[in-house]
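> 3D model of this:
(chains A and B, ligands or ions: 2)
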Amino acid sequence: MKLDAKIPGGPLQQKWSDYLNDIKLVSPANKRKFEIIVVGTGLAGASVAATLAELGYRVLAFCYQDSSRRAHSISAQGGINAAKNYPNDGDSVWRLFYDTIKGGDFRSREANVYRLAEVSNSIIDQCVAQGVPFAREYGGGLANRSFGGALVSRTFYARGQTGQQLLLGAYAALMRQVAAGQVELHPRCEMLDLVVADGRARGIVTRRLETGQIETWSAHAVLLASGGYGNAFYLSTNAKGCNATAAWRAYKRGAGFANPCFTQIHPTCIPRSGDYQSKLTLMSESLRNDGRVWVPARKGDRRDPGDIPEAERDYYLERMYPTFGNLVPRDVASRAAKRMCDDGHGVGPSGQGVYLDFAAAIERLGEQAVRERYGNLFEMYERITGEDPYRVPMRIYPAVHYTMGGLWVDYNLMSTIPGLFVLGEANFSDHGANRLGASALMQGLADGYFIAPFTLGHYLAGEKPPALDTSHPAFADARRQVEERIGRLLGIGGPHSVDHFHRRLGAILWDKCGMGRRGEGLEQAIGEIRGLREEFWKQVRVPGGAEGLNPELEKAGRVADFLELGELMCRDALERRESCGGHFREEYQTEEGEALRDDANFTHAAVWEYRGDDQEPARHAEPLNLEVVKPSQRSYK
Amino acid sequence: MKLTLHIWRQRDRGDRGRFVTYRLDDVSPHMSFLEMLDVLNEQLVGRGEEPVAFDHDCREGICGACGVVINGLPHGGFPGTTTCQLHMRHFQDGDEITVEPWRSKAFPVIKDLVVDRSALDRIAQAGGFISVRTGSAPEANSVPGPKEAADLAMDAAECIGCGACVAACPNGAAMLFTAAKISHLGLLPQGQPERERRARNMVSAMQREGFGACTNYRECEAACPKRISINFIARMNRDFLKASLLHGRERGGKRQAR
Ligand SMILES: Cc1cc2nc3c(=O)[nH]c(=O)nc-3n(C[C@H](O)[C@H](O)[C@H](O)COP(=O)(O)OP(=O)(O)OC[C@H]3O[C@@H](n4cnc5c(N)ncnc54)[C@H](O)[C@@H]3O)c2cc1C
Ligand code: FES
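Numbers count the residues shown, from 1 in each chain, chains lettered A, B, ... in the order given. Ligands and ions are numbered 1, 2, ... in the order given. Predicted coordinates for the structure are as follows:
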């Protein structure tokens, strides 16, 4: 597997503008001749589909929900970063770049991250012009707030529904192109395989979820914007349908998978309440702006929070990290919460929780101001727990939230399969070993509005992929494999439901490849997952048939893929013998319990190559030649 | 707690459908309504029966995928709550609960509790956007937006497109859904150039899709999980009326002699 990141030469600040000046362009008349498949209609998918269509390409877009507006991006709450420096607090493109690299614990590519910071401001302009109702100040200008890992206020937001509003903006742009006949949209249509013909990505195989019809689609290029794989853990803050199938099929067709062990555990989620629990709910990180995190100073203190006097509380983040306090990055905050609970300070019925307290904020700002900032989040909390956070501190605990790993892409966002581009959370590109809050929305829209439309054009103009349709044998071949797999799943008829296996996989990953990882544990996990996978293929029961709407069959296919990906996550975690960002190997920590990187040996992206079901995958490395930033021990003290 | 569920089962679009009764023991008050259905489904799978199909995704009240009629009321009728956010603590041991799909001519049932809401997307396609080219936007703060208008626009923009308003309306109208988008965009300076055209096109699309007319039952507002105000419908009607009056002029550039 050849890993050429294709980073343009020249100084960091010049790379993207020089690149834009140099790339090949597709003539308007030729754009019409190119068909582009976009899988996913989240922020990345909707924005790229709309933009490509507007440029004149013919676009085919797919999503599994009944409407493209329901992609998981819709649930992002807190905000989106940009280097506008409206608050005049010293922000700049450089600082956003630096914070993002540092937040990622120096495990991302400088050139990509700099470009991301550079285009961030255009995203805000674009979204405002589309009618995204960002929060404003009385003077009519846009308002900002701060987020973890930064000392400036650079986050734009629309109440607690920023993802919703940004996605509806991109959805609107997409609807406009559907109406114009430039985009053919296929909702309730799941990609089940990638078609690689003559060494290039040339199409996909899909299943229509309502009828079960299997179809093949050809195109000049395929863009995956299919989101992250956090649901491998079963319980996560992701939507129930989020899955790795599109990315995993691409991996099995030859696309490198980078850093699968880099997963993010978010510190502020509502603790789980029972075995029936189907998902976990995030309480936006923005709450840490005004909420104070604490636990009882005495172990096993079971008193009501209101009965614990100030002096007997441990505001541990403020104590351990006086500079950043409650606003330390997510990985740091999550690990600290785990440590507190492991040491017996946890609160709530399970002891797996810490307090997030707004009493001080309510006293300082008044209840009304707090309501204005976080009203909908408080309401959400109350609805789930039955407790009123204006009176009683919230209880929170970390939960799986985001995946920094994903399909490897070069500077053009192209994977190791020519013609396969990967955007948004599905790629591995910009967040290194830990993503800062409000950066995923920024990255998804950067990829979709401002990067892929140019890099794709450059590919098409340069490579001129020949016309090809679904009569190429690769299509029939992929289709047959998809049909066989569905037939196999339906034919097992074992005693256990799909969720039964998914829950067990989740438990293994959470215990052994979650907030803390150890070599032995990971080795065990690999064995356990293999066993579980074998059991799945013998014992799962998928009711119903291949035709018609069959949600159990949909789940079964996704879980089968998670059962393979889960193993790769553990393998990657095992091989990365250092701690960095969200990847915390307990063997590698400083005396104070902070992540201990090994820059000499691991300043690289690990890229996995599939070599067949009966062979171990190969691990390759893309060295991250950090030229501008100097990796330092990340300190938020 | 123990519950008796009467659930609508329908094989596909062509099937006539019927209620089937299920009994469920051991329902925890902390479960969400959908988790309760998960538990039922897991039991059905265990018994070799087909589970109940229902739409869902985010399970936190924002994607708009979920939505069933519970005891006659969309999303169960609890203020500001989607089906996925409804917790079983609102029910009591021994309750009987009827669960049906959205009922509306414009939303054909696909299977069990799943309906086809693509008509809402087609209304959006008719004009629910501001036509701005990627990359052509002016600097964001160059167009100041009064905070009050932005806040009001946001109130409308919160619509999740679940379709509860349609399911609640005795006429099966999609007025609240359409009005929310027209108002959201029409309240912002950026939305002005296309304001009339948008109102005209979206309202026409709504009529084409077979949604009913509004006769002020106000059921939509009561059912809306995002508490979107019916005042937006009045705003839409104003825009639509103005658009209809202006229509002749716009077409010809000059008032046409007829
Ligand atoms: C609760 C929550 C809150 C968040 N808050 C923030 C925040 O405040 N700020 C921030 O920056 N980030 C936030 N994030 C992260 C951010 O929302 C996501 O990383 C981002 O939205 C992902 O966008 P995407 O376009 O890559 O993918 P998604 O929005 O996940 O979209 C994936 C798309 O792919 C489609 N798809 C997937 N598989 C298939 C298949 N096999 N076939 C066909 N279609 C398929 C889906 O239908 C969907 O349309 C949050 C995440 C969560 C879970
Ligand atoms: S599942 Fe998304 S709103 Fe209920």
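
> domain assignment for the chain?
This is for chain A. A:267-400, A:476-606 (automatic domain parsing).

> correction: the question concerned chain B.
B:3-111, B:117-257.

> so is the first one next to ligand 2?
Read it as domain B:3-111. Yes. Domain B:3-111 reaches ligand 2 (CB under 6 Å from any ligand atom) through B:56-59, B:61-66, B:82-84. (C-beta placed from N, C-alpha, C; glycine too.)

> figure out how far stretch A:233-253 is from the centre of its chain.
Relative to the centre of its chain, stretch A:233-253 is centred 10 Å away, using CA atoms, centre = their mean, to the nearest Å.

> check contacts around residue 143.
Picked chain A for this. Under the criterion of CB atoms under 8 Å, 6 or more residues apart in numbering or on different chains, the neighbours of A:Ala143 are A:134-137, A:156-157.

> please refer instead to chain B.
By CB under 8 Å, 6+ apart, the contact set of B:Val143 is A:128, B:189-190.

> the helix or strand of chain A with the lowest mean pLDDT close to chain B?
Within chain A, confidence by mean pLDDT, DSSP states H and E is lowest for helix A:367-385 among all helices and strands, at a mean of 89. Yes. Against chain B, helix A:367-385 shows contacts by CB under 8 Å from any CB of the partner chain at A:379-380, A:383-384.

> show me where the stretch 151-258 of chain B has helices.
Secondary structure of the stretch 151-258 of chain B, counting by DSSP state H, counting those that start in this stretch: helices at B:164-168, B:175-186, B:195-208, B:219-223, B:231-252.

> switch the ones you listed over to a markdown table; also include distance to ligand 2 and mean neighbour count.
A markdown table is the format used below for the helices of the stretch 151-258 of chain B (distance: least, CB to the nearest ligand atom, whole Å; neighbours: other CB atoms under 10 Å in any protein chain shown):
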| stretch | distance to ligand 2 | mean neighbour count |
| --- | --- | --- |
| helix B:164-168 | 10 | 28 |
| helix B:175-186 | 15 | 27 |
| helix B:195-208 | 22 | 20 |
| helix B:219-223 | 14 | 20 |
| helix B:231-252 | 20 | 15 |
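
> so how many other residues sit close to B:Leu188?
Residues lying near B:Leu188 (other CB atoms under 10 Å in any protein chain shown) number 26.

> for the residue nearest the centre of chain B, what are its contacts?
Geometric centre of chain B, nearest residue: B:Gly163, 2.3 Å, by CA atoms, centre = their mean. Residues in contact with B:Gly163, defined by CB under 8 Å, 6+ apart, are B:64, B:67, B:102, B:104, B:107, B:115, B:117, B:120, B:174, B:177.

> so which of the helices of the stretch 151-258 of chain B gets nearest ligand 1?
helix B:175-186 (20.1 Å; CB to the nearest ligand atom).

> list the helices and strands that closest one packs on?
Contacts defined by 3 or more CB pairs under 8 Å, 6 or more residues apart in numbering or on different chains; DSSP states H and E place helix B:175-186 against helix B:118-125, helix B:147-157, helix B:164-168, helix B:195-208, helix B:219-223, helix B:231-252.

> ok, which of these comes nearest A:Gly169?
Nearest to A:Gly169 among the helices and strands packed on helix B:175-186 is helix B:147-157 (9.6 Å), distances taken as CB to CB.

> what angle do that closest one and helix B:175-186 make?
Orientation check (axes from the mean of the first three to the mean of the last three CA atoms, to 10 degrees): helix B:147-157 against helix B:175-186 gives 150 degrees.

> helix B:147-157 close to chain A?
Yes. Using CB under 8 Å from any CB, helix B:147-157 reaches chain A at B:147, B:150-151, B:153-154, B:157.

> what do you get for stretch B:193-200?
No. Using CB under 8 Å from any CB, stretch B:193-200 never reaches chain A; the gap is at least 10.2 Å.

> may I have that stretch exported as CSV, CA atoms only?
Extracted in CSV, the C-alpha atoms of stretch B:193-200 (Å, rounded to 0.1, in the frame of the first residue of the first chain):
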residue,chain,number,x,y,z
PRO,B,193,-35.2,38.6,-2.1
GLU,B,194,-37.0,35.3,-2.5
ARG,B,195,-39.6,35.9,0.1
GLU,B,196,-42.8,36.1,-2.0
ARG,B,197,-41.7,33.6,-4.5
ARG,B,198,-40.9,31.2,-1.7
ALA,B,199,-44.3,31.6,-0.1
ARG,B,200,-46.1,31.1,-3.3
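
> quick one: average pLDDT of it?
With pLDDT averaged residue by residue, stretch B:193-200 scores 96.

> and stretch B:18-37, by the same measure?
Rounded mean pLDDT across stretch B:18-37 is 97.

> buried set for it?
Neighbour counts over stretch B:18-37 (16 or more other CB atoms under 10 Å in any protein chain shown) mark B:22, B:24, B:27-28, B:30-37 as buried.

> kindly report the same for stretch A:572-587.
Residues A:572-574, A:576, A:578-585 are the ones in stretch A:572-587 that count as buried (16+ other CB under 10 Å).

> next, count neighbours for the nearest residue in space to B:Gly67 that is not next to it in sequence.
Closest residue in space to B:Gly67, ignoring its immediate chain neighbours: B:Cys162 at 4.7 Å, by CB to CB, 6 or more residues apart in numbering or on different chains. B:Cys162 has 29 neighbours, counted by other CB under 10 Å.
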